[in-house]
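Q: Build me a structure from this.
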Amino acid sequence: MSTDFWHEHLQTQYTWVAKEQTQVIGLVSVYFKQDKPYIQFLFTKAGEHGVATALHQAMMQHLTQQQIETVYVDADVNNASFFDRRGFERLTDDSFDSAAAVCLHKSIS
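A: So this is what the prediction gives:
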(Lines give C-alpha, C1' and ligand atoms only; values in the text may rest on other atoms or scores of the structure.)
Protein backbone atom coordinates (compact mmCIF):
# COMPACT_ATOMS: atom_id res chain seq x y z
CA MET A 1 0.00 0.00 0.00
CA SER A 2 1.28 3.42 -0.91
CA THR A 3 2.24 6.21 1.47
CA ASP A 4 -0.62 8.31 0.07
CA PHE A 5 -3.08 5.53 0.97
CA TRP A 6 -1.88 5.52 4.59
CA HIS A 7 -1.93 9.31 4.90
CA GLU A 8 -5.50 9.45 3.57
CA HIS A 9 -6.87 6.65 5.73
CA LEU A 10 -5.04 7.24 8.99
CA GLN A 11 -6.03 10.90 9.30
CA THR A 12 -9.72 10.15 9.86
CA GLN A 13 -9.54 7.44 12.47
CA TYR A 14 -8.06 6.33 15.75
CA THR A 15 -4.79 4.46 15.29
CA TRP A 16 -2.57 2.63 17.79
CA VAL A 17 0.98 1.69 16.83
CA ALA A 18 3.27 -0.85 18.47
CA LYS A 19 6.98 -0.14 18.17
CA GLU A 20 10.11 -1.97 19.18
CA GLN A 21 12.77 0.69 19.53
CA THR A 22 12.26 2.62 16.27
CA GLN A 23 10.64 -0.15 14.22
CA VAL A 24 6.86 -0.42 13.80
CA ILE A 25 5.81 -3.98 14.60
CA GLY A 26 2.04 -3.56 14.49
CA LEU A 27 -0.94 -1.26 14.24
CA VAL A 28 -4.68 -1.26 14.73
CA SER A 29 -7.08 1.43 13.57
CA VAL A 30 -10.76 2.23 13.98
CA TYR A 31 -12.88 4.36 11.68
CA PHE A 32 -16.52 5.38 11.88
CA LYS A 33 -19.00 4.27 9.21
CA GLN A 34 -22.54 5.59 9.67
CA ASP A 35 -21.61 6.51 13.27
CA LYS A 36 -20.56 2.92 14.02
CA PRO A 37 -16.93 2.19 14.94
CA TYR A 38 -15.24 -0.41 12.73
CA ILE A 39 -11.83 -1.96 13.19
CA GLN A 40 -10.25 -1.31 9.81
CA PHE A 41 -6.68 -2.55 10.13
CA LEU A 42 -4.97 -4.94 12.51
CA PHE A 43 -1.49 -5.70 11.25
CA THR A 44 1.55 -7.12 13.00
CA LYS A 45 5.02 -8.03 11.87
CA ALA A 46 5.40 -11.78 11.35
CA GLY A 47 6.73 -13.54 14.42
CA GLU A 48 5.71 -10.84 16.89
CA HIS A 49 3.62 -12.89 19.31
CA GLY A 50 1.21 -11.01 21.57
CA VAL A 51 1.39 -7.72 19.68
CA ALA A 52 -2.07 -8.03 18.11
CA THR A 53 -3.55 -8.87 21.50
CA ALA A 54 -1.86 -5.88 23.17
CA LEU A 55 -3.01 -3.53 20.40
CA HIS A 56 -6.54 -4.91 20.61
CA GLN A 57 -6.61 -4.41 24.38
CA ALA A 58 -5.40 -0.80 24.10
CA MET A 59 -8.00 -0.07 21.43
CA MET A 60 -10.85 -1.62 23.44
CA GLN A 61 -9.81 0.28 26.57
CA HIS A 62 -9.88 3.57 24.65
CA LEU A 63 -13.27 2.83 23.07
CA THR A 64 -14.67 1.95 26.49
CA GLN A 65 -13.38 5.25 27.90
CA GLN A 66 -15.09 7.04 24.99
CA GLN A 67 -18.34 5.30 26.02
CA ILE A 68 -18.59 3.44 22.72
CA GLU A 69 -21.23 0.73 23.17
CA THR A 70 -20.41 -1.63 20.29
CA VAL A 71 -17.50 -2.10 17.91
CA TYR A 72 -17.65 -3.88 14.55
CA VAL A 73 -15.15 -5.57 12.28
CA ASP A 74 -15.36 -6.92 8.75
CA ALA A 75 -12.98 -9.84 8.98
CA ASP A 76 -11.56 -12.23 6.47
CA VAL A 77 -12.58 -15.81 7.23
CA ASN A 78 -8.94 -16.65 8.03
CA ASN A 79 -8.72 -13.87 10.63
CA ALA A 80 -12.19 -14.07 12.18
CA SER A 81 -11.05 -16.54 14.85
CA PHE A 82 -8.86 -13.82 16.44
CA PHE A 83 -12.01 -11.80 17.11
CA ASP A 84 -14.09 -14.87 18.00
CA ARG A 85 -11.62 -15.63 20.81
CA ARG A 86 -12.08 -12.09 22.14
CA GLY A 87 -15.85 -12.31 22.46
CA PHE A 88 -16.96 -10.92 19.11
CA GLU A 89 -20.14 -12.41 17.71
CA ARG A 90 -21.13 -12.93 14.10
CA LEU A 91 -23.89 -10.71 12.77
CA THR A 92 -26.75 -12.71 11.38
CA ASP A 93 -28.97 -9.96 10.00
CA ASP A 94 -28.68 -7.98 6.78
CA SER A 95 -28.34 -4.57 8.43
CA PHE A 96 -24.65 -4.31 7.56
CA ASP A 97 -23.35 -4.32 4.02
CA SER A 98 -20.06 -6.12 4.37
CA ALA A 99 -17.73 -6.74 1.46
CA ALA A 100 -15.67 -9.03 3.72
CA ALA A 101 -16.47 -12.63 4.42
CA VAL A 102 -17.60 -12.17 8.03
CA CYS A 103 -19.01 -9.19 9.92
CA LEU A 104 -18.65 -9.39 13.70
CA HIS A 105 -19.55 -7.13 16.60
CA LYS A 106 -18.90 -6.87 20.32
CA SER A 107 -20.78 -4.94 22.98
CA ILE A 108 -18.26 -3.18 25.19
CA SER A 109 -20.34 -1.08 27.53
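
Q: In this protein, where's the longest helix?
A: helix 51-65 (DSSP state H).

Q: residues making contact with that one?
A: 14, 16, 18, 25-28, 30, 37, 39, 42, 44-45, 71, 82, 86, 108-109 (CB atoms under 8 Å, 6 or more residues apart in numbering). In short, each C-beta sits where N, CA and C put it, glycine included.

Q: Give me the subset of those that lies in helices.
A: Mapping those onto helices (DSSP H) picks out Phe82.

Q: got the buried residues for the top strand by length along the chain?
A: Counting by DSSP state E, the longest strand found in the chain is strand 23-33. Buried positions in strand 23-33, judged by neighbour count with 16 or more other CB atoms under 10 Å: 25-31.

Q: Below-threshold pLDDT in the chain: ranges please.
A: 1, 6-12, 93-101, 109 (pLDDT under 70).

Q: Does Tyr14 touch Tyr38 like I think?
A: No - if you go by CB atoms under 8 Å, Tyr14 and Tyr38 don't touch, sitting 10.9 Å apart.

Q: If anything else comes up later, I'll come back, but that's it for now.
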